[in-house]
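> below are the sequence and a predicted model; questions follow.
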Amino acid sequence: MTIEQIINKVKENDPKADIELLKLAYDFANKAHGAQKRKTGEPYIQHSLHTAFVLAQIKADLNTVIAGILHDVPEDTERTLEDVKKKFGNEIGFLVEGITKLSKIKYRGVERYRESLRKMFLAMAKDLRVILIKFCDRLHNLRTLDALPEDKRLRIARETMEIYAPIAGILGIWRLKWQMEDICFKHLYPEEYKKLEYKYEVEKKVERNKYTQKVKNILGQKLKNENINFTIKGRFKHLYSIYKKIQKKERKFDEIYDVFALRVIVPTIQDCYKTLGIIHTLWKPKAGRIKDYIAVPKPNGYSSLHTTVFGPENKATEFQIRTKEMHEKSLYGIAAHWHYKQMGGSDIKQSKQPRWIQDILNIQREAKNTNEFIQKIKLDVFKDRIFIFSPRCDVFDLPEKSTPIDFAYAIHTEIGNKAIAALVNNIMVSLDQPLKNGDSVEIIIDKKRKGPNRDWLKFVKTHRAKEKINQATKASRLEQLKRIIPGI
Ligand code: MN
């Protein structure tokens, strides 16, 4: 990896970026790390460059890329954080400081998992970019994991799987999430990994490539006739996600291996719907598999059209149809949101994202400069939100003073409707007790329970809980009435 590669990537993202500053950072870090070597035998600066390159790949801004180059300077060289601040200013200094602090969080096994997660979230509250740098730093460490002794290797893989990958998912940075998961999977379950890799990559590969080529040709011709610009790609399935599906018994082996997956990228939203129409006139769609995540994006902001059709030779074939912007956002998540904001204009409805991401985007829009942006994020976004963990360590963000009932409805309507008690950090509490940031909450349900209590409306905080309680109680009162007065 060379500094030129990073310069090119940065220029691609923003032609006006201050390349001189980037070069200065490289010289500074290069001199500071001097003759230091990584365990792999490579010069240490290679690690800094790889970290910075992935940051540029996910379209992080220039200061973040620079902080990526400098991220190990205070910790591992004679140069101090003060030196970095003096030379590169407070903003870059702040990012490097964040990374240095974050590296002090040590993994102490699963029981400390939530604690670590909470610290990560607190670090995010200060500046999300610190987390982005940490992710890219971690990704390069994972890629060079083979150089480490086994116990260290497994510890890092486990920590990444339990802490880093889920947070990358919450932020919608799928590209990093999948890459991290597949590397960890390989180290943590080498046998299963090899088996899957062989089945998926060797046994089925030729067949898959031949088939996708055939579909591409047929669909490509039709799209050309309609004057729609397009790229069609066969989609690589991530081994760890296949493994998880098999584990959860969601699908059988062959069902997963034999599904062919393609992605079509077209210029506009209109083209997305046109393309969907064309696919459905070519091949019969499978019932219940058409998903319009453009009209109704997923909670993390993901948008695309999905459909599964019976393609040539009657084989189940999955399509994802999206614009280039949707595609980049699905890969780079929050990082791409910033990028598109900076470049102006966005074609994605932002209403369905988690509120705190929406807030971040709004602040980004209103802030005059990066400093103001960072300050506001600290004050506004995380001020009145709390993060609550489910027993399976899924994270939910809720308004401050939310209660176990709000949490129950955030998980699932039926969990809310049938809730009878709650354990907060393993202690039984009343259903109206306000939750605190970082609490882990388990809802106890009674399957026979008829429905929610209207009194809950007096204390719930979320719109969703109110709406669901109203709906359920209205329905049950109507039933009662029907029993009393038959025929209404
Ligand atoms: Mn590092």
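Cool, got the structure.

> hmm, Ala67 is touching Asn90, no?
No: counting by C-beta atoms under 8 Å, Ala67 stays clear of Asn90, with 11.7 Å between them. Using the backbone N, CA and C atoms, a C-beta is placed for each residue, glycine as well.

> which ones are touching Glu226?
Shown in contact with Glu226 (C-beta atoms under 8 Å, 6 or more residues apart in numbering): 274, 278.

> follow-up on the earlier one: and Ala67 and Asn90? Which one has more around it.
A direct count of neighbours by other C-beta atoms under 10 Å for Ala67 and Asn90 places Ala67 higher, at 31 against 10.

> quick one: name the residues of the stretch 101-250 of the chain near the ion.
Contacts of the stretch 101-250 of the chain with the ion, taken as C-beta under 5 Å from the ion, map to Asp137.

> Ile228 belongs to a helix?
No: per DSSP: H, G, I helix; E, B strand; the rest coil, Ile228 lies outside any helix segment and is coil.

> look at it and say how many residues are nearby.
Neighbours of Ile228 (other C-beta under 10 Å): 18.

> any idea how far it is from the ion?
44 Å (C-beta to the ion, to the nearest Å).

> right, and the helix or strand after the helix or strand of the chain with the lowest mean pLDDT?
Sorting the helices and strands of the chain by mean pLDDT, DSSP states H and E puts helix 370-376 at the bottom, at a mean of 51. As assigned by DSSP states H and E, the chain's next helix or strand after helix 370-376 is strand 385-389.

> distance check, whatever residue of the stretch 101-250 of the chain ends up closest to the ion against Ala25.
Nearest residue of the stretch 101-250 of the chain to the ion (C-beta to the ion) works out as Asp137 at 4.1 Å. Distance of Asp137 to Ala25, computed by C-beta to C-beta, to the nearest Å: 15 Å.

> neighbour-wise, which of the two wins?
Per other C-beta under 10 Å, whichever of Asp137 and Ala25 has more neighbours is Ala25, with 27 against 23.

> tell me if the more buried one really is in a strand.
No: assigned with three-state DSSP, Ala25 falls outside any strand and is helix.

> secondary structure class for the residue of the stretch 101-250 of the chain closest to the ion?
Under three-state DSSP, Asp137 comes out as helix.

> so what secondary structure elements neighbour the helix or strand where Asn209 lies?
If you go by DSSP H and E, Asn209 is part of helix 205-225. Secondary-structure packing of helix 205-225 (3 or more C-beta pairs under 8 Å, 6 or more residues apart in numbering; DSSP states H and E): strand 231-234, strand 260-266, helix 269-282.

> turn these into a markdown table, columns for distance to Lys59 and mean pLDDT.
Below are those laid out as a markdown table (distance: least, C-beta to C-beta, whole Å; pLDDT from 0 to 100):
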| stretch | distance to Lys59 | mean pLDDT |
| --- | --- | --- |
| strand 231-234 | 19 | 90 |
| strand 260-266 | 17 | 92 |
| helix 269-282 | 21 | 96 |
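
> ranking those by burial, who's on top?
Neighbour counts (mean count of other C-beta atoms under 10 Å) averaged over each of these peak at strand 260-266, with a mean of 21.

> quick one: it to helix 205-225, angle?
Between strand 260-266 and helix 205-225, the angle comes out at 30 degrees (axes from the mean of the first three to the mean of the last three C-alpha atoms, to 10 degrees).
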